[in-house]
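1. Got a predicted model here, sequence first, then my questions.
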Amino acid sequence: MFRFTLILMACIPLGCASEKGTDGMVYIRGGTFLMGSDSGYPEERPERAVTVNSFLIDQTEVTNKAFAEFVADTGYITLSERTPSIEDYPDADPSLLVPGSGVFVAPTVTDAPELSWWRYEKGASWKHPEGRGSTIEHRMDDPVVHIAFEDAQAYAAWAGKRLPTEAEWEYAARGGLVGKQYEWGDEFTPNGKHMANTWQGEFPFENRSEDGFAVIAPVKSYPPNGYGLHDMTGNVWEWTTAITSNNQRMTKGGSFLCAPSYCKRYRPAAKSPVTTDTSTNHIGFRCVR
């Protein structure tokens, strides 16, 4: 949506257990669980029983290091690195049809319109998260970002994996807990401890970084859930294969930009539909097999 919108606008599981799999994956034994929430956002309703088969899932979000290995092996060029086509964006200012991606920019005033929080940054990509001149050189353990849906699919196919369904993702995120608001329980900061990379302060202009990270954190910076999975909550949104409408797929997990005052979507039941051509500095993915 950002590649599309910004260009245009700029003119319990019963019997469930897990065990470590191979190559950084965790085995999740299939079962039936309560998916969704009757007390969350409208799109999470209704809470209902869903059954999933057993599967393996990446212990962490795909990192810059892993994605760099994929690119080195295949020569793959991500969507944000390609020049947008005038045929795809006929109403766009031609001067803006350059490779780039959406980057969050905190406003300096409290009443700034939502669109102003984001900038279509020329040259922004997985290799240059903040745009030209930025680098991932010392951030190889960070989740890869600026990943559109087709980029995530391409990596998954190369790795012999696939993207998770929404049900698989949520089942894994719940970590074996039943009826809990968060992947670790019902208290957001148990004993004052931050369990995920989210926004602290008044979004979008005040980030107190009480959890130690103002933006993305390296994977495994926070405790794992009951299945040994890291960052199913916060850090970056993650693609799933769930189709919504208008060329959209569902993302799950929330990101470092989620805050109680604006986006309380750092919960397993929460989700957000995103157009498949969207790439921003808070969308990544993990794979299943």
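-> Yep, it's here.
2. Can you get me a residue count around Trp245?
-> Slight slip there: residue 245 is Ser, not Trp. 6 (other C-beta atoms under 10 Å). Bear in mind the C-beta positions are built from the backbone N, C-alpha and C, glycine included.
3. Test my guess that it contacts Val274.
-> No: between Ser245 and Val274 there is no contact under C-beta atoms under 8 Å: 11.7 Å.
4. Identify the contacts common to these two.
-> The contact sets of Ser245 and Val274 do not overlap (C-beta atoms under 8 Å, 6 or more residues apart in numbering).
5. For the chain, just list every one of the helices.
-> Using DSSP state H, the helices of the chain run over 2-9, 64-74, 149-158, 166-173.
6. so where is this structure shaky, pLDDT-wise?
-> 1-22 (pLDDT under 70).
7. hey, where'd the strands end up in it?
-> Using DSSP state E, the strands found in the chain span residues 18-20, 25-28, 31-35, 48-52, 55-58, 100-104, 118-122, 237-243, 248-252, 271-275, 283-284.
8. winner for burial among these?
-> When these are scored by mean count of other C-beta atoms under 10 Å, the highest mean neighbour count falls to strand 283-284 (a mean of 29).
9. so Pro218 touches Asp141, yeah?
-> Yes: counting by C-beta under 8 Å, Pro218 does reach Asp141; the two are 4.0 Å apart.
10. Can you check which residues contact both of these two?
-> Counting by C-beta under 8 Å, 6+ apart, no residue touches both Pro218 and Asp141.
11. Confirm for me that Glu202 is in contact with Ser261.
-> Yes: proximity of Glu202 to Ser261 meets the contact threshold set by C-beta under 8 Å, at 5.9 Å.
12. Comparing those two, which shows the higher neighbour count?
-> For Glu202 and Ser261, the more surrounded residue by other C-beta under 10 Å is Glu202, and the numbers stand at 14 against 11.
13. ok, Ala106 - contacts?
-> Applying C-beta under 8 Å, 6+ apart to Ala106 gives the contacts 117, 204-205, 207.
14. Buried subset of those residues as a PyMOL selection?
-> Buried residues within those, by 16 or more other C-beta atoms under 10 Å, are selected in PyMOL with:
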select buried, resi 117+204+207
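15. Dump the contacts of Ala106 to CSV, plus distance to Arg132.
-> Listed next are the contacts of Ala106 as CSV, based on distance: C-beta to C-beta, whole Å:
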residue, distance to Arg132
Trp117, 20
Pro204, 24
Phe205, 25
Asn207, 24
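16. any idea which of the contacts of Ala106 is closest to Ser37?
-> When the contacts of Ala106 are ranked by distance to Ser37 (C-beta to C-beta), Pro204 comes first, at 24.8 Å.
17. ok, now how distant is that closest one from Val103?
-> Note on Pro204: its distance to Val103, by C-beta to C-beta, to the nearest Å, is 13 Å.
18. One more: Arg29?
-> For Arg29, the distance to Val103 equals 40 Å [C-beta to C-beta].
19. from memory Thr74 sits against Ala157, does it?
-> No: using C-beta under 8 Å, Thr74 makes no contact with Ala157, being 9.9 Å away.
20. what's the most centrally placed residue in the chain in contact with, if anything?
-> In the chain, the C-alpha nearest the mean C-alpha coordinate belongs to Trp237, at 1.4 Å (C-alpha atoms, centre = their mean). Neighbouring residues of Trp237 by C-beta under 8 Å, 6+ apart: 251-255, 272, 274, 282-284.
21. run the last query once more with 7 Å
-> Shown in contact with Trp237 (C-beta atoms under 7 Å, 6 or more residues apart in numbering): 251, 253-255, 272, 282-283.
22. Now Pro224. Nearest residue, chain neighbours left out?
-> Leaving aside its chain neighbours, Pro224 sits nearest to His230 (5.1 Å; criterion: C-beta to C-beta, 6 or more residues apart in numbering).
23. For the one you found, what are phi and psi?
-> When read as degrees, to the nearest 10, the backbone of His230 gives phi -100, psi 140.
24. Can you get me a residue count around it?
-> Based on other C-beta under 10 Å, the number of other residues close to His230 is 22.
25. can you check the one 4 residues further on too?
-> Here the count is done by other C-beta under 10 Å, and Gly234 has 27 residues near it.
26. Surely it and Ala259 touch.
-> No: using C-beta atoms under 7 Å, Gly234 is not in contact with Ala259, being 10.5 Å away.
27. shared neighbours, the two?
-> By C-beta under 7 Å, 6+ apart, Gly234 and Ala259 have these common neighbours: Thr198.
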